[in-house]
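Participant: only geometry, no sequence info:
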(Lines give C-alpha, C1' and ligand atoms only; values in the text may rest on other atoms or scores of the structure.)
Protein backbone atom coordinates (compact mmCIF):
# COMPACT_ATOMS: atom_id res chain seq x y z
CA UNK A 1 0.00 0.00 0.00
CA UNK A 2 1.28 3.46 -0.97
CA UNK A 3 2.26 5.68 1.99
CA UNK A 4 -0.13 8.54 2.72
CA UNK A 5 2.61 11.05 1.92
CA UNK A 6 2.84 9.72 -1.67
CA UNK A 7 -0.88 9.47 -2.43
CA UNK A 8 -2.59 11.69 -4.98
CA UNK A 9 -3.71 14.95 -3.40
CA UNK A 10 -7.38 15.95 -3.60
CA UNK A 11 -8.10 19.01 -5.72
CA UNK A 12 -9.28 20.92 -2.65
CA UNK A 13 -5.78 20.63 -1.15
CA UNK A 14 -4.14 22.09 -4.26
CA UNK A 15 -6.80 24.80 -4.43
CA UNK A 16 -6.43 25.53 -0.72
CA UNK A 17 -2.67 25.86 -0.98
CA UNK A 18 -3.10 28.28 -3.87
CA UNK A 19 -5.58 30.31 -1.80
CA UNK A 20 -2.85 30.84 0.79
CA UNK A 21 -0.50 32.61 -1.61
CA UNK A 22 -3.47 34.55 -2.99
CA UNK A 23 -3.97 35.88 0.54
CA UNK A 24 -0.28 36.64 1.07
CA UNK A 25 -0.07 38.52 -2.20
CA UNK A 26 -2.84 40.87 -1.12
CA UNK A 27 -0.22 42.20 1.31
CA UNK A 28 3.04 41.29 -0.43
CA UNK A 29 2.34 42.34 -4.03
CA UNK A 30 0.59 45.48 -2.85
CA UNK A 31 3.76 46.50 -1.02
CA UNK A 32 6.16 45.28 -3.71
CA UNK A 33 4.36 47.07 -6.54
CA UNK A 34 2.96 50.21 -4.94
CA UNK A 35 4.76 50.99 -1.67
CA UNK A 36 7.65 52.93 -3.23
CA UNK A 37 5.12 54.88 -5.31
CA UNK A 38 2.91 55.48 -2.25
CA UNK A 39 5.76 56.65 0.00
CA UNK A 40 7.23 59.07 -2.55
CA UNK A 41 4.18 60.46 -4.37
CA UNK A 42 1.48 60.27 -1.69
CA UNK A 43 3.20 60.31 1.71
CA UNK A 44 5.89 62.71 0.51
CA UNK A 45 8.97 60.78 1.70
CA UNK A 46 12.11 61.19 -0.42
CA UNK A 47 13.18 58.34 -2.71
CA UNK A 48 16.63 58.18 -1.08
CA UNK A 49 15.11 57.87 2.42
CA UNK A 50 12.73 55.16 1.21
CA UNK A 51 15.60 53.25 -0.39
CA UNK A 52 17.52 53.22 2.89
CA UNK A 53 14.38 52.21 4.80
CA UNK A 54 13.73 49.31 2.41
CA UNK A 55 17.30 48.11 2.90
CA UNK A 56 17.15 48.30 6.71
CA UNK A 57 13.64 46.96 7.26
CA UNK A 58 13.98 44.09 4.82
CA UNK A 59 17.17 42.98 6.56
CA UNK A 60 15.08 42.91 9.73
CA UNK A 61 12.49 40.86 7.81
CA UNK A 62 15.16 38.27 7.11
CA UNK A 63 15.99 37.99 10.81
CA UNK A 64 12.25 37.69 11.52
CA UNK A 65 12.14 34.72 9.13
CA UNK A 66 14.78 32.88 11.17
CA UNK A 67 12.89 33.60 14.40
CA UNK A 68 9.67 32.34 12.84
CA UNK A 69 11.39 29.24 11.45
CA UNK A 70 12.68 28.25 14.87
CA UNK A 71 9.24 28.90 16.39
CA UNK A 72 7.65 26.60 13.80
CA UNK A 73 10.13 23.78 14.45
CA UNK A 74 9.26 23.94 18.16
CA UNK A 75 5.49 24.00 17.59
CA UNK A 76 3.18 21.01 17.86
CA UNK A 77 -0.56 21.45 18.45
CA UNK A 78 -3.73 19.46 17.88
CA UNK A 79 -4.04 21.42 14.59
CA UNK A 80 -0.49 20.47 13.54
CA UNK A 81 2.75 22.46 13.32
CA UNK A 82 1.83 24.95 10.62
CA UNK A 83 -1.89 25.64 10.31
CA UNK A 84 -2.36 27.54 13.61
CA UNK A 85 -0.12 30.33 12.33
CA UNK A 86 -2.38 30.79 9.30
CA UNK A 87 -5.55 30.64 11.37
CA UNK A 88 -4.49 33.21 13.94
CA UNK A 89 -2.07 35.35 11.93
CA UNK A 90 -4.38 36.39 9.09
CA UNK A 91 -6.13 39.37 10.66
CA UNK A 92 -3.01 40.96 12.28
CA UNK A 93 -1.09 40.63 8.99
CA UNK A 94 -3.75 42.28 6.84
CA UNK A 95 -4.51 44.94 9.44
CA UNK A 96 -0.83 45.94 9.44
CA UNK A 97 -0.94 46.19 5.64
CA UNK A 98 -3.71 48.76 6.09
CA UNK A 99 -1.58 50.72 8.58
CA UNK A 100 1.48 50.69 6.28
CA UNK A 101 -0.58 52.36 3.53
CA UNK A 102 -2.08 54.88 5.95
CA UNK A 103 0.74 57.33 6.80
CA UNK A 104 -0.97 60.26 8.60
CA UNK A 105 -0.86 63.31 6.35
CA UNK A 106 -0.30 65.91 9.10
CA UNK A 107 2.97 64.51 10.45
CA UNK A 108 6.32 66.22 10.10
CA UNK A 109 8.78 64.69 7.61
CA UNK A 110 10.88 62.97 10.29
CA UNK A 111 7.83 61.62 12.10
CA UNK A 112 6.41 60.30 8.83
CA UNK A 113 9.62 58.40 8.17
CA UNK A 114 9.60 56.98 11.72
CA UNK A 115 5.98 55.86 11.28
CA UNK A 116 6.93 54.21 7.99
CA UNK A 117 9.84 52.36 9.61
CA UNK A 118 7.78 51.07 12.55
CA UNK A 119 4.67 50.04 10.63
CA UNK A 120 6.62 48.39 7.79
CA UNK A 121 8.90 46.51 10.22
CA UNK A 122 5.84 45.26 12.16
CA UNK A 123 4.24 44.10 8.90
CA UNK A 124 7.40 42.20 8.00
CA UNK A 125 7.56 40.41 11.35
CA UNK A 126 3.93 39.26 11.30
CA UNK A 127 4.29 38.30 7.63
CA UNK A 128 7.18 36.01 8.62
CA UNK A 129 5.16 34.40 11.44
CA UNK A 130 2.44 33.46 8.95
CA UNK A 131 4.41 32.90 5.74
CA UNK A 132 7.16 30.61 7.08
CA UNK A 133 4.60 28.02 8.28
CA UNK A 134 2.71 28.35 5.00
CA UNK A 135 5.80 27.70 2.89
CA UNK A 136 6.92 24.86 5.17
CA UNK A 137 3.52 23.22 4.86
CA UNK A 138 4.22 21.99 1.31
CA UNK A 139 6.99 19.64 2.48
CA UNK A 140 4.65 18.20 5.13
CA UNK A 141 1.64 17.65 2.84
CA UNK A 142 3.31 15.31 0.32
CA UNK A 143 6.64 13.70 -0.59
CA UNK A 144 5.64 12.94 -4.17
CA UNK A 145 7.58 14.89 -6.83
CA UNK A 146 4.50 15.12 -9.06
CA UNK A 147 2.05 16.05 -6.30
CA UNK A 148 4.48 18.60 -4.87
CA UNK A 149 4.69 20.11 -8.35
CA UNK A 150 0.91 20.53 -8.24
CA UNK A 151 1.18 22.40 -4.94
CA UNK A 152 3.80 24.86 -6.19
CA UNK A 153 1.81 25.36 -9.39
CA UNK A 154 -1.33 26.06 -7.34
CA UNK A 155 0.67 28.47 -5.23
CA UNK A 156 1.92 30.35 -8.30
CA UNK A 157 -1.59 30.48 -9.77
CA UNK A 158 -3.04 31.91 -6.56
CA UNK A 159 -0.26 34.49 -6.31
CA UNK A 160 -0.80 35.59 -9.91
CA UNK A 161 -4.55 36.00 -9.45
CA UNK A 162 -4.05 38.11 -6.34
CA UNK A 163 -1.36 40.24 -7.98
CA UNK A 164 -3.34 40.90 -11.14
CA UNK A 165 -6.54 41.79 -9.31
CA UNK A 166 -4.95 44.32 -7.01
CA UNK A 167 -2.82 45.99 -9.69
CA UNK A 168 -5.75 46.32 -12.07
CA UNK A 169 -7.99 47.69 -9.32
CA UNK A 170 -5.47 50.15 -7.88
CA UNK A 171 -3.83 51.06 -11.18
CA UNK A 172 -7.22 51.82 -12.72
CA UNK A 173 -8.39 53.87 -9.73
CA UNK A 174 -5.18 55.89 -9.60
CA UNK A 175 -5.29 56.57 -13.33
CA UNK A 176 -8.90 57.76 -13.12
CA UNK A 177 -7.91 60.22 -10.41
CA UNK A 178 -4.92 61.41 -12.39
CA UNK A 179 -7.16 62.12 -15.36
CA UNK A 180 -9.43 64.24 -13.15
CA UNK A 181 -6.53 66.10 -11.52
CA UNK A 182 -4.20 66.51 -14.52
CA UNK A 183 -4.64 70.28 -14.69
CA UNK A 184 -4.14 71.20 -11.03
CA UNK A 185 -1.33 73.63 -10.25
CA UNK A 186 -1.85 74.92 -6.69
CA UNK A 187 -0.56 73.29 -3.49
CA UNK A 188 -4.16 72.95 -2.27
CA UNK A 189 -5.12 71.03 -5.40
CA UNK A 190 -2.07 68.81 -5.00
CA UNK A 191 -3.05 68.07 -1.38
CA UNK A 192 -6.57 67.16 -2.49
CA UNK A 193 -5.18 64.87 -5.17
CA UNK A 194 -2.94 63.07 -2.67
CA UNK A 195 -5.88 62.70 -0.28
CA UNK A 196 -7.91 61.06 -3.04
CA UNK A 197 -5.09 58.60 -3.79
CA UNK A 198 -4.84 57.86 -0.07
CA UNK A 199 -8.55 57.06 -0.03
CA UNK A 200 -7.98 54.44 -2.73
CA UNK A 201 -5.33 52.62 -0.70
CA UNK A 202 -7.41 52.86 2.48
CA UNK A 203 -10.48 51.26 0.93
CA UNK A 204 -8.51 48.54 -0.82
CA UNK A 205 -6.50 47.49 2.25
CA UNK A 206 -9.64 47.38 4.41
CA UNK A 207 -11.34 45.13 1.85
CA UNK A 208 -8.28 42.88 1.80
CA UNK A 209 -8.65 42.19 5.53
CA UNK A 210 -11.91 40.36 4.85
CA UNK A 211 -10.91 38.66 1.60
CA UNK A 212 -7.46 37.60 2.80
CA UNK A 213 -8.68 36.18 6.10
CA UNK A 214 -11.15 33.96 4.25
CA UNK A 215 -8.35 32.73 1.97
CA UNK A 216 -6.03 31.86 4.87
CA UNK A 217 -8.73 29.98 6.75
CA UNK A 218 -9.54 27.97 3.63
CA UNK A 219 -5.87 27.00 3.36
CA UNK A 220 -5.79 25.88 7.00
CA UNK A 221 -8.90 23.75 6.44
CA UNK A 222 -7.83 22.17 3.13
CA UNK A 223 -4.13 21.38 3.74
CA UNK A 224 -3.43 18.61 6.26
CA UNK A 225 0.00 17.25 7.24
CA UNK A 226 0.69 13.74 5.96
CA UNK A 227 4.47 13.27 6.28
CA UNK A 228 5.57 11.23 9.30
CA UNK A 229 8.47 12.69 11.32
CA UNK A 230 10.66 10.78 13.80
CA UNK A 231 10.22 13.37 16.54
CA UNK A 232 7.91 16.39 16.79
CA UNK A 233 10.64 18.81 17.91
CA UNK A 234 14.38 19.08 17.34
CA UNK A 235 17.01 21.02 19.26
CA UNK A 236 18.85 24.11 18.00
CA UNK A 237 22.06 22.07 17.69
CA UNK A 238 20.31 19.41 15.61
CA UNK A 239 18.76 22.09 13.39
CA UNK A 240 22.12 23.78 12.77
CA UNK A 241 23.74 20.44 11.94
CA UNK A 242 20.95 19.69 9.46
CA UNK A 243 21.33 23.05 7.71
CA UNK A 244 25.15 22.96 7.61
CA UNK A 245 25.16 19.64 5.73
CA UNK A 246 22.52 20.72 3.21
CA UNK A 247 24.49 21.51 0.03
CA UNK A 248 21.42 21.67 -2.26
CA UNK A 249 19.91 24.35 0.00
CA UNK A 250 23.15 26.38 -0.16
CA UNK A 251 23.25 26.36 -3.97
CA UNK A 252 19.53 27.11 -4.19
CA UNK A 253 19.87 30.09 -1.84
CA UNK A 254 22.92 31.41 -3.68
CA UNK A 255 21.26 31.23 -7.08
CA UNK A 256 17.96 32.62 -5.77
CA UNK A 257 19.77 35.54 -4.14
CA UNK A 258 20.95 36.97 -7.44
CA UNK A 259 17.89 36.14 -9.51
CA UNK A 260 15.38 37.52 -7.02
CA UNK A 261 17.40 40.69 -6.41
CA UNK A 262 16.68 41.55 -10.03
CA UNK A 263 13.02 40.59 -9.68
CA UNK A 264 12.41 42.73 -6.60
CA UNK A 265 14.12 45.74 -8.16
CA UNK A 266 11.61 45.47 -11.02
CA UNK A 267 8.49 45.21 -8.85
CA UNK A 268 9.17 48.50 -7.12
CA UNK A 269 9.85 50.27 -10.43
CA UNK A 270 6.84 49.00 -12.38
CA UNK A 271 4.52 51.87 -11.46
CA UNK A 272 7.21 54.40 -12.39
CA UNK A 273 7.82 52.67 -15.73
CA UNK A 274 4.13 52.80 -16.56
CA UNK A 275 3.69 56.41 -15.48
CA UNK A 276 6.85 58.07 -16.78
CA UNK A 277 8.14 55.84 -19.60
CA UNK A 278 4.81 54.68 -21.05
CA UNK A 279 2.97 57.82 -19.81
CA UNK A 280 -0.03 55.90 -18.45
CA UNK A 281 -0.19 54.64 -14.84
CA UNK A 282 -3.13 52.38 -15.71
CA UNK A 283 -0.73 50.26 -17.78
CA UNK A 284 0.55 48.84 -14.48
CA UNK A 285 -2.37 46.43 -14.76
CA UNK A 286 -1.49 45.51 -18.34
CA UNK A 287 2.18 45.04 -17.41
CA UNK A 288 1.18 42.77 -14.54
CA UNK A 289 -1.17 40.82 -16.78
CA UNK A 290 1.57 40.21 -19.34
CA UNK A 291 4.60 39.87 -17.06
CA UNK A 292 3.21 38.15 -13.97
CA UNK A 293 -0.19 37.09 -15.24
CA UNK A 294 1.39 34.90 -17.92
CA UNK A 295 1.78 32.43 -15.08
CA UNK A 296 -1.98 31.86 -15.34
CA UNK A 297 -1.26 30.19 -18.68
CA UNK A 298 1.97 28.44 -17.67
CA UNK A 299 1.31 27.13 -14.16
CA UNK A 300 -1.24 24.44 -15.16
CA UNK A 301 1.50 22.93 -17.34
CA UNK A 302 4.27 23.10 -14.73
CA UNK A 303 3.69 19.57 -13.30
CA UNK A 304 3.89 18.20 -16.86
CA UNK A 305 7.02 20.25 -17.64
CA UNK A 306 8.72 19.03 -14.46
CA UNK A 307 7.81 15.42 -15.22
CA UNK A 308 9.28 15.66 -18.74
CA UNK A 309 12.33 17.86 -18.13
CA UNK A 310 13.06 17.84 -14.39
CA UNK A 311 13.15 20.72 -11.93
CA UNK A 312 16.90 21.31 -12.14
CA UNK A 313 17.00 21.69 -15.93
CA UNK A 314 13.93 23.92 -16.04
CA UNK A 315 15.35 26.18 -13.34
CA UNK A 316 18.79 26.24 -14.93
CA UNK A 317 17.83 27.35 -18.41
CA UNK A 318 14.77 29.53 -17.89
CA UNK A 319 17.03 32.41 -16.93
CA UNK A 320 17.66 32.80 -20.67
CA UNK A 321 14.12 34.16 -21.01
CA UNK A 322 14.93 36.82 -18.40
CA UNK A 323 18.12 37.85 -20.20
CA UNK A 324 16.51 38.12 -23.64
CA UNK A 325 13.38 39.83 -22.31
CA UNK A 326 15.30 42.22 -20.04
CA UNK A 327 17.71 43.45 -22.71
CA UNK A 328 14.83 43.73 -25.18
CA UNK A 329 12.75 45.77 -22.73
CA UNK A 330 15.60 48.22 -22.13
CA UNK A 331 16.00 48.78 -25.88
CA UNK A 332 12.27 48.80 -26.78
CA UNK A 333 10.95 52.29 -27.69
CA UNK A 334 8.05 53.39 -25.47
CA UNK A 335 6.00 54.23 -28.55
CA UNK A 336 6.08 50.57 -29.65
CA UNK A 337 3.81 49.23 -26.91
CA UNK A 338 3.48 45.86 -28.63
CA UNK A 339 7.26 45.34 -28.44
CA UNK A 340 7.34 46.44 -24.79
CA UNK A 341 4.62 43.91 -23.96
CA UNK A 342 6.35 41.17 -25.97
CA UNK A 343 9.62 41.60 -24.09
CA UNK A 344 7.70 41.67 -20.80
CA UNK A 345 6.02 38.40 -21.79
CA UNK A 346 9.38 36.78 -22.53
CA UNK A 347 10.67 37.92 -19.14
CA UNK A 348 7.45 36.70 -17.53
CA UNK A 349 7.92 33.14 -18.81
CA UNK A 350 11.31 32.85 -17.14
CA UNK A 351 10.26 34.57 -13.92
CA UNK A 352 7.13 32.45 -13.58
CA UNK A 353 8.89 29.12 -14.00
CA UNK A 354 11.92 29.97 -11.86
CA UNK A 355 9.99 31.63 -9.04
CA UNK A 356 7.56 28.70 -8.94
CA UNK A 357 10.24 26.03 -9.04
CA UNK A 358 12.17 27.63 -6.18
CA UNK A 359 9.52 26.55 -3.71
CA UNK A 360 9.43 22.98 -5.01
CA UNK A 361 13.21 22.78 -4.87
CA UNK A 362 13.23 24.15 -1.31
CA UNK A 363 10.79 21.45 -0.21
CA UNK A 364 13.11 18.84 -1.75
CA UNK A 365 16.03 20.15 0.31
CA UNK A 366 14.05 19.34 3.48
CA UNK A 367 14.14 15.66 2.47
CA UNK A 368 17.87 15.93 1.77
CA UNK A 369 18.53 17.38 5.22
CA UNK A 370 16.53 14.59 6.87
CA UNK A 371 18.39 11.97 4.80
CA UNK A 372 21.74 13.39 5.89
CA UNK A 373 21.06 13.76 9.63
CA UNK A 374 17.82 11.96 10.50
CA UNK A 375 16.26 15.26 11.64
CA UNK A 376 13.45 16.97 9.74
CA UNK A 377 13.55 20.78 10.00
CA UNK A 378 10.87 22.23 7.72
CA UNK A 379 10.63 25.55 9.55
CA UNK A 380 14.23 26.72 9.61
CA UNK A 381 15.03 25.23 6.19
CA UNK A 382 12.26 27.31 4.66
CA UNK A 383 13.22 30.25 6.87
CA UNK A 384 16.81 30.20 5.60
CA UNK A 385 15.50 30.12 2.03
CA UNK A 386 13.14 33.03 2.65
CA UNK A 387 15.87 34.87 4.57
CA UNK A 388 17.76 34.87 1.28
CA UNK A 389 14.70 36.21 -0.51
CA UNK A 390 14.30 38.95 2.12
CA UNK A 391 17.90 39.99 1.50
CA UNK A 392 16.93 40.17 -2.17
CA UNK A 393 13.93 42.34 -1.29
CA UNK A 394 16.17 44.57 0.79
CA UNK A 395 18.84 45.01 -1.86
CA UNK A 396 16.52 44.92 -4.89
CA UNK A 397 14.03 47.38 -3.40
CA UNK A 398 16.81 49.70 -2.33
CA UNK A 399 18.46 49.53 -5.76
CA UNK A 400 15.19 50.56 -7.40
CA UNK A 401 14.76 53.54 -5.08
CA UNK A 402 18.42 54.56 -5.21
CA UNK A 403 18.35 54.37 -9.01
CA UNK A 404 15.49 56.89 -8.98
CA UNK A 405 17.46 59.21 -6.71
CA UNK A 406 20.64 58.80 -8.79
CA UNK A 407 18.70 59.56 -11.95
CA UNK A 408 17.33 62.80 -10.48
CA UNK A 409 13.71 61.64 -10.15
CA UNK A 410 11.22 64.44 -9.35
CA UNK A 411 8.45 63.13 -7.04
CA UNK A 412 4.84 64.21 -7.56
CA UNK A 413 4.76 65.37 -3.93
CA UNK A 414 7.38 67.98 -4.84
CA UNK A 415 5.59 69.30 -7.94
CA UNK A 416 2.27 69.16 -9.73
CA UNK A 417 0.79 65.66 -10.08
CA UNK A 418 2.54 65.27 -13.42
CA UNK A 419 6.17 66.43 -13.01
CA UNK A 420 8.53 66.38 -15.99
CA UNK A 421 11.26 63.80 -15.42
CA UNK A 422 14.84 64.34 -16.65
CA UNK A 423 16.15 61.92 -19.24
CA UNK A 424 18.52 60.50 -16.63
CA UNK A 425 15.55 59.42 -14.47
CA UNK A 426 13.88 57.73 -17.46
CA UNK A 427 17.12 55.88 -18.24
CA UNK A 428 17.44 54.76 -14.60
CA UNK A 429 13.88 53.39 -14.61
CA UNK A 430 14.44 51.49 -17.89
CA UNK A 431 17.75 50.03 -16.68
CA UNK A 432 16.15 48.85 -13.44
CA UNK A 433 13.31 47.20 -15.35
CA UNK A 434 15.48 45.48 -17.97
CA UNK A 435 19.25 45.37 -17.59
CA UNK A 436 19.44 44.70 -13.85
CA UNK A 437 17.29 41.51 -13.88
CA UNK A 438 19.11 40.28 -17.00
CA UNK A 439 22.53 40.58 -15.35
CA UNK A 440 21.24 38.98 -12.15
CA UNK A 441 19.83 36.01 -14.12
CA UNK A 442 23.20 35.29 -15.74
CA UNK A 443 24.93 35.05 -12.35
CA UNK A 444 22.10 32.90 -10.95
CA UNK A 445 22.36 30.37 -13.81
CA UNK A 446 26.11 30.04 -13.34
CA UNK A 447 25.74 29.29 -9.63
CA UNK A 448 22.98 26.73 -10.17
CA UNK A 449 25.22 24.61 -12.40
CA UNK A 450 26.49 22.88 -9.22
CA UNK A 451 23.06 22.12 -7.70
CA UNK A 452 23.33 18.35 -6.96
CA UNK A 453 19.71 17.23 -6.45
CA UNK A 454 17.99 15.95 -9.61
CA UNK A 455 14.48 14.51 -9.43
CA UNK A 456 15.75 10.93 -9.69
CA UNK A 457 18.29 11.54 -6.93
CA UNK A 458 15.56 13.09 -4.78
CA UNK A 459 13.36 9.97 -5.14
CA UNK A 460 16.27 7.75 -4.12
CA UNK A 461 16.95 9.89 -1.03
CA UNK A 462 13.27 10.03 -0.07
CA UNK A 463 12.85 6.26 -0.37
CA UNK A 464 15.97 5.57 1.70
CA UNK A 465 14.74 7.92 4.43
CA UNK A 466 11.30 6.35 4.56
CA UNK A 467 12.86 2.87 4.70
CA UNK A 468 14.89 3.96 7.74
CA UNK A 469 11.75 5.24 9.46
CA UNK A 470 9.92 1.98 8.78
CA UNK A 471 12.86 -0.06 10.08
CA UNK A 472 13.06 2.04 13.23
CA UNK A 473 9.35 1.60 13.92
CA UNK A 474 9.41 -2.17 13.39
CA UNK A 475 12.49 -2.49 15.61
CA UNK A 476 10.67 -0.96 18.58
CA UNK A 477 9.74 -3.61 21.17
CA UNK A 478 6.07 -4.39 21.70
CA UNK A 479 4.68 -3.06 25.01
CA UNK A 480 4.31 -5.80 27.64
CA UNK A 481 0.98 -6.50 29.25
CA UNK A 482 0.66 -5.40 32.88
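Facilitator: Now that the structure is in, tell me what you want to look at. Being a predicted model, the structure only gives us computed values, none of them experimental. Numbering: from 1, shown residues only.

Participant: what bits of the stretch 201-350 of the chain have low per-residue confidence?
Facilitator: For the stretch 201-350 of the chain, the stretches with pLDDT under 70 are 228-243, 291-293.

Participant: Can you identify each of the helices in the stretch 251-400 of the chain by residue range?
Facilitator: Assigned by DSSP state H, counting those that start in this stretch, the stretch 251-400 of the chain shows helices spanning 283-291, 295-298, 302-309, 311-317, 319-331, 337-373, 378-406.

Participant: is it possible to export these to JSON lines including distance to residue 136 and mean neighbour count?
Facilitator: Where C-beta positions appear, they are placed from N, C-alpha and C, glycine not excepted. Shown next, in JSON lines, are the helices of the stretch 251-400 of the chain (distance: least, CB to CB, whole Å; neighbours: other CB atoms under 10 Å):
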{"stretch": "helix 283-291", "distance to residue 136": "28", "mean neighbour count": "23"}
{"stretch": "helix 295-298", "distance to residue 136": "22", "mean neighbour count": "18"}
{"stretch": "helix 302-309", "distance to residue 136": "20", "mean neighbour count": "18"}
{"stretch": "helix 311-317", "distance to residue 136": "18", "mean neighbour count": "20"}
{"stretch": "helix 319-331", "distance to residue 136": "26", "mean neighbour count": "21"}
{"stretch": "helix 337-373", "distance to residue 136": "8", "mean neighbour count": "23"}
{"stretch": "helix 378-406", "distance to residue 136": "4", "mean neighbour count": "25"}
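
Participant: of these, which approaches residue 35 most closely?
Facilitator: Ranking the helices of the stretch 251-400 of the chain by proximity to residue 35 (CB to CB) places helix 378-406 first, at 8.4 Å.

Participant: That closest one - contacts with which helices or strands?
Facilitator: For helix 378-406, the elements it packs on are helix 11-37, helix 47-73, helix 109-141, helix 236-244, helix 247-272, helix 337-373, helix 423-433, judged by 3 or more CB pairs under 8 Å, 6 or more residues apart in numbering; DSSP states H and E.

Participant: Of those, which shows the lowest average pLDDT?
Facilitator: Comparing mean pLDDT across these, the weakest is helix 236-244, with a mean of 66.

Participant: Enumerate every residue touching residue 403.
Facilitator: Applying CB atoms under 8 Å, 6 or more residues apart in numbering, we find residue 403 in contact with 265, 269, 428, 429, 431, 432.

Participant: quick one, phi/psi of the closest residue to residue 194 other than its chain neighbours?
Facilitator: In space, and not counting its chain neighbours, residue 194 is closest to residue 42: 5.3 Å by CB to CB, 6 or more residues apart in numbering. When quoted as degrees, to the nearest 10, the phi and psi of residue 42 stand at phi -110, psi -50.

Participant: Take the helices and strands packed on helix 378-406 and lay them out in JSON lines including distance to residue 218.
Facilitator: Converted to JSON lines, the helices and strands packed on helix 378-406 look like this (distance: least, CB to CB, whole Å):
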{"stretch": "helix 11-37", "distance to residue 218": "5"}
{"stretch": "helix 47-73", "distance to residue 218": "20"}
{"stretch": "helix 109-141", "distance to residue 218": "12"}
{"stretch": "helix 236-244", "distance to residue 218": "31"}
{"stretch": "helix 247-272", "distance to residue 218": "26"}
{"stretch": "helix 337-373", "distance to residue 218": "19"}
{"stretch": "helix 423-433", "distance to residue 218": "35"}
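
Participant: Residue 470: what's it in contact with?
Facilitator: Contact partners of residue 470, counting by CB under 8 Å, 6+ apart, are absent.

Participant: how about it, secondary structure?
Facilitator: helix (DSSP: H, G, I helix; E, B strand; the rest coil).

Participant: One more: residue 9?
Facilitator: Under three-state DSSP, residue 9 comes out as coil.

Participant: which SSE is residue 94 in?
Facilitator: Remark: residue 94 resides in helix 83-100, with elements defined by DSSP states H and E.

Participant: Now do the buried residues in that helix.
Facilitator: Neighbour counts using 16 or more other CB atoms under 10 Å place 83-87, 89-90, 92-98, 100 of helix 83-100 among the buried residues.

Participant: what's the spacing between stretch 127-143 and its chain's center?
Facilitator: 13 Å (CA atoms, centre = their mean, to the nearest Å).

Participant: And for residue 202, nearest residue in space, chain neighbours not counted?
Facilitator: In space, residue 202 is closest to residue 102, 6.1 Å off (CB to CB, 6+ apart).
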